[in-house]
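Asks: Need coordinates for the following:
(chains A and B)
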Amino acid sequence: MFFKKPAIVLILFGLLTFGSLSYFYFAQRYFMSNQREFLIHINNLNNYKSNLTTQVLKNSLYAYNSQDKLASDYDGVQNELQQLQNSKILNTQSYTSIKESINSVLQPQINKFLIKIQNFLLLNSAVKNSIVFLSSFIYNASYIQKKEPKLYIQSIKILDAFEETRKIQDLDYLDKIDYLLQSNSKNKKTKRFIKTFNLHTSYLIKKLPPFIQVTQNILANNVDNTLHKIKKEFNKTTLHDFAFFNRFAFVVVVVLFLYLLLALYLFMQYKKANKSLQYSLSHDTLTGVYDRSSLMKDTAENGAVIMLINIDAFKEINDVYGNNFGNRVLIKLTERLKEYFNDFSVPKVYRVGGDEFATLFINKSAKEVMKIGKILEESIKDENFQIDNIHINLSVSIAISSVAPLLENADLALKVVKKDMNRRIIEYKEELSVKKEWKKNIEVVNMVKSALKEDRIVPYFQGIVNLQNMKIEKYESLVRLILPSGEVLSPYAFLDVVSKTHYYYDITKVMIQKSIEVAKVHPQQRFSINFSMKDIINENIINTLFKLFDADRETAKRIDIELLETEMVAVEDKRISEFIQKVHSYGSKILIDDFGTGYSNFAYLSDLDVDILKIDASIIKEITSDPKKLHITRSIHNFTLGMNMQNVAEFVETKETALLLKEIGIEYAQGYLFCKPQATPQLENSVTL
Amino acid sequence: MFKHFIIISSTFVLLLANEPISPIPQTVKYNQAKALLGKRLFYDTLLSKDNTVACVVCHNLSSGGADARKVSQGVYGRLGNIQSPTVYNARYNFKQFWNGRANNLKEQAKEALENPNEHDMNPQLIEQRLNASTSYKKLFYKVYHTKKITFNETIDAISEFEKALITPNAKFDKYLRGESSLNHQEKDGYILFKQYGCITCHNGINIGGNSFQKMGTFFPYKTKASYPDRAEILKNKKYHNVFKVPTLRNIALTSPYFHDGSSKTLLQAVKKMAYYNLGIDIPDDDAQKIVAFLKTLTGEKPKIVEAP
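Replies: Purely as a prediction, here's the structure:
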């Protein structure tokens, strides 16, 4: 919710800001370029116009003058006026009056001005033409100069007056002079001279006044004034526009500022939200104290002394009162812990497991922490926790460690203290074997793992002798692990460790398969395999066994299963009896191993269809020295006889024992006296006492 | 006597202060690709309604860039009412047409193409015809990078070609640059050209073409031509018989003379001008000298005309 909506607001506001910024930029740029365009044209117009005026003056002064410049300036004025009228800025509302004055004032004035130029060009050419012509005409009239010097001088005076009038642009020069030559001469040349001369002076007297007038008109035009006015008005209007852009810029800056504020606000909100997220990631949701990940971080940052506090039998509290109650116990204990640790200025309490808490001490020695822990443990034990009228007493186990890795070591120490009912607090020490054991366990597991992989799990066979005929009639299949060095390990070295892993079942499977294989080649004897209760309740093992049984029913008849009496109570009767029944269906027999060490419940055994009881070594070993043990053996044998079972005496090591057993009537004996476990059943199956 | 001489000479010093004619530059800048395309259009009768008239028909580039006929003949044999002025150096004229109604070469070309007595075309028809031609389409694409040919591009190309039509290195230009000299007659002719006042109108780079002047300042000029003068353009009777001063460059090649083509030879033309605009019968000898000068104004044809 939070992350979506503000993001949209931020984006929208951002777009608005960006929009107004870019609008401002482009509008301002557009305006500037239009403003520049107008100014360029009005300045150009002004320049061309004044150049044109200069050219007019120049042309009026010099007789021989190229009019090219004048013509191009004339074009320039025309073009620039048109461009000025087409200026984009004039289409804007506020420039209407300027457009109006350009169109209705400036344009007519310029058109008039240009017409005056045209008139000037016509008159200028006419006047100059005649004056130039007359100059050369007089200059070349050598006949007149000789024959009519007065007339000649008169002609020069008249020309001079015209030229002065033209140059000075003052018609008064012409008032004082009679511009027509007069002579009574009948000479043809003289007559023609006078005629041509008078033709031109009559022409000049007509053309000079309008020429002077138009020239002065051109110089005294009002275009400059109008241009100046328009420029002034334009500048005033643009100033107004600039003021608008100033205000707009202010608005844009405000918008931008607001946008940044919003962004900052949202950023802070986000950080806040992030913080609570971080809080939930680093804190335990139930108790509100820090969680395991925080502890890991904190221990990594500063080496200290860790204290792990585990509630004893918390599972039972949950089971009896329910999880809800259990949670409230946790909360209550948390409060208690926080309160307690507050006195030792320990800022953080961590919940590192369901029923496990931890604290870190930075400036305390392990010894001091042990003291604190002892007081804590005792105070909790003495405290009466009350939740909803239910009073409950808690006890905790505490482990502390000052050796890195703190948490792991404390964990290991805690395991040790948990096993020991007499200790409730422990400090981790290197020599604490827990860790070594744990390490060794891993090594053992790895050893079994590779042995399985490399087929180094094998059965060893120990013969079981019929005491009546002294023949080996059965073999017990015993598991062995062969090390790559050739050393043979007995199950004590690995089976217990591995029993908590699935490798255990792999071992059982190997034993079943290999034992059956061996049984096949020794058709005279029976073979018994050891099964634990775990094996019986494991579908996979059961299936493997009976599959092999089904595959070779002849051999299956000679395969017996040995079960441990001590384990049997842990498993449902039904499952055991079903298993026994199934085994019997193949003609196989059930042996109870180590009988006499556990409960040795006859009633229980009587309910199960067991074939053979193996009497435990602890009894057999001592029958020759301890009359009680002898009595037990007799009793067991009597019981088995009555139940239609047989006995195997284990651990028979002396001839004396063997003879005593034979005397009691025990059917079978097994032990070093007869044979040690071997890789293959021995070929000689008779033994002697 | 001495005093008067000073007056006259001082007048002449003043008069001769500026050299009023300048030579044509050797080269001018123009877009070669556009100009070559323009040349093809200039020679193409496709640009006339009945496919008989091209620009070059009335502006004969192999002679003086003008028409030897008194009036030009347009589509369907229709006759015009004016003697075609030369297209050579037309870029230096301040206005186009005899009466200056076109401000530039483009306006002139547009009018000539649309005039019913000349090409009798319209922009749409020109675009239609050019777009139907694959070779023109290719050429225009190369020059203007557009798939559809427009009238404006056509005009642009033609005017670009016309900008290239300059005739540099006339004998007189070389003389002005000090590269060559005039013979006595030509030089006398130039002096007379100035002394008779011809120079007041025929000046500048084009020796004319930079102002409008009246034909017949001393005696009214009468002509049968119906061509509108400046009076009709400006709606002002004051400008009766006022026309653009024609260029005198290549004048020896552009007979007949005047807007009505009323003079067949240069000599006649010079005499006519002396009569109408100076009020004199110019001595034959002087007229001949001026003609000799005028003949030095013939320049070299531009390379673009000779190129295939």
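Asks: Pull the number of nearby residues for B:Phe219.
Replies: 10 (other C-beta atoms under 10 Å in any protein chain shown). The C-beta positions use only the backbone N, C-alpha and C, and glycine is treated the same way.
Asks: Confirm that it sits in a helix.
Replies: No - counting by DSSP: H, G, I helix; E, B strand; the rest coil, B:Phe219 is not part of a helix but coil.
Asks: That one reaches B:Met273, doesn't it?
Replies: No - judged on C-beta atoms under 8 Å, B:Phe219 makes no contact with B:Met273 at a distance of 11.7 Å.
Asks: Can you give the domain ranges for chain B?
Replies: B:2-24+B:169-297, B:32-163 (automatic domain parsing).
Asks: Output the residue of the stretch 201-350 of chain A whose distance to chain B is smallest.
Replies: When scored by C-beta to the nearest C-beta, the stretch 201-350 of chain A has A:Tyr203 as its residue closest to chain B, at 6.6 Å.
Asks: Now name the helix or strand holding the closest residue to that residue other than its chain neighbours.
Replies: In this structure, A:Tyr203 finds its nearest non-sequential neighbour in A:Ser130, 5.6 Å apart by C-beta to C-beta, 6 or more residues apart in numbering or on different chains. Applying DSSP states H and E as the criterion places A:Ser130 in helix A:107-140.
Asks: does any part of the very next helix or strand once past that helix sit near chain B?
Replies: Using DSSP H and E, the helix or strand that follows helix A:107-140 in sequence is helix A:142-147. No - against chain B, helix A:142-147 shows no contacts by C-beta under 8 Å from any C-beta of the partner chain, the least distance being 9.2 Å.
Asks: Name the residues of helix A:142-147 that are buried.
Replies: A:Ile144, A:Gln145 (16 or more other C-beta atoms under 10 Å in any protein chain shown).
Asks: can you list contacts of that helix?
Replies: By C-beta atoms under 8 Å, 6 or more residues apart in numbering or on different chains, the surrounding residues in contact with helix A:142-147 are A:Leu151, A:Tyr152, A:Ser155, A:Asn187, A:Lys189, A:Thr190, A:Phe193.
Asks: got the CA positions of the helix or strand A:Ala451 falls within in PDB?
Replies: Using DSSP H and E, A:Ala451 sits within helix A:433-453. Output in PDB follows, covering the C-alpha atoms of helix A:433-453 (Å, rounded to 0.1, in the frame of the first residue of the first chain):
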ATOM      1  CA  SER A 433      34.400 -33.300  24.900                       C
ATOM      2  CA  VAL A 434      31.100 -32.400  23.500                       C
ATOM      3  CA  LYS A 435      32.600 -30.700  20.600                       C
ATOM      4  CA  LYS A 436      35.200 -33.400  20.000                       C
ATOM      5  CA  GLU A 437      32.600 -36.100  20.200                       C
ATOM      6  CA  TRP A 438      30.400 -34.200  17.800                       C
ATOM      7  CA  LYS A 439      33.400 -33.900  15.500                       C
ATOM      8  CA  LYS A 440      34.100 -37.600  15.900                       C
ATOM      9  CA  ASN A 441      30.500 -38.400  15.100                       C
ATOM     10  CA  ILE A 442      30.900 -36.600  11.900                       C
ATOM     11  CA  GLU A 443      34.100 -38.500  11.100                       C
ATOM     12  CA  VAL A 444      32.400 -41.800  11.900                       C
ATOM     13  CA  VAL A 445      29.400 -41.000   9.700                       C
ATOM     14  CA  ASN A 446      31.800 -40.100   6.900                       C
ATOM     15  CA  MET A 447      33.700 -43.300   7.500                       C
ATOM     16  CA  VAL A 448      30.500 -45.400   7.200                       C
ATOM     17  CA  LYS A 449      29.400 -43.400   4.200                       C
ATOM     18  CA  SER A 450      32.500 -44.200   2.300                       C
ATOM     19  CA  ALA A 451      32.600 -47.800   3.600                       C
ATOM     20  CA  LEU A 452      29.100 -48.300   2.200                       C
ATOM     21  CA  LYS A 453      30.100 -46.700  -1.000                       C
END
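Asks: Would you mind listing what in the stretch 101-250 of chain B touches chain A?
Replies: B:103, B:194-197, B:199-201, B:203-206, B:210-214, B:217-218, B:234, B:238-239, B:242.
Asks: Show me just the buried residues among these.
Replies: B:194-197, B:199-201, B:203-206, B:210-214, B:217-218, B:234, B:239, B:242.
Asks: just to revisit the earlier point, which of the residues of the stretch 101-250 of chain B next to chain A fall within strands?
Replies: The strands, defined by DSSP state E, take in B:Phe212, B:Gln213, B:Lys214, B:Val242 from these.
Asks: Name the residues linked to the second one by a beta bridge.
Replies: Looking back up the chat, that one is B:Gln213. B:Phe243 (DSSP bridges).
Asks: Surely it and B:Val242 touch.
Replies: Yes - assessed by C-beta under 8 Å, B:Gln213 is found in contact with B:Val242 at 6.5 Å.
Asks: what's the overlap in contacts for these two?
Replies: Joint contacts of B:Gln213 and B:Val242 (C-beta under 8 Å, 6+ apart) are A:Leu122.
Asks: related to what we said a few turns ago, which residues does the helix holding A:Ala451 contact?
Replies: Contacts of helix A:433-453 (C-beta under 8 Å, 6+ apart): A:409, A:412-413, A:415-416, A:456-457, A:481-483, A:493-494, A:497-498, A:501, A:503, A:506-507, A:510.
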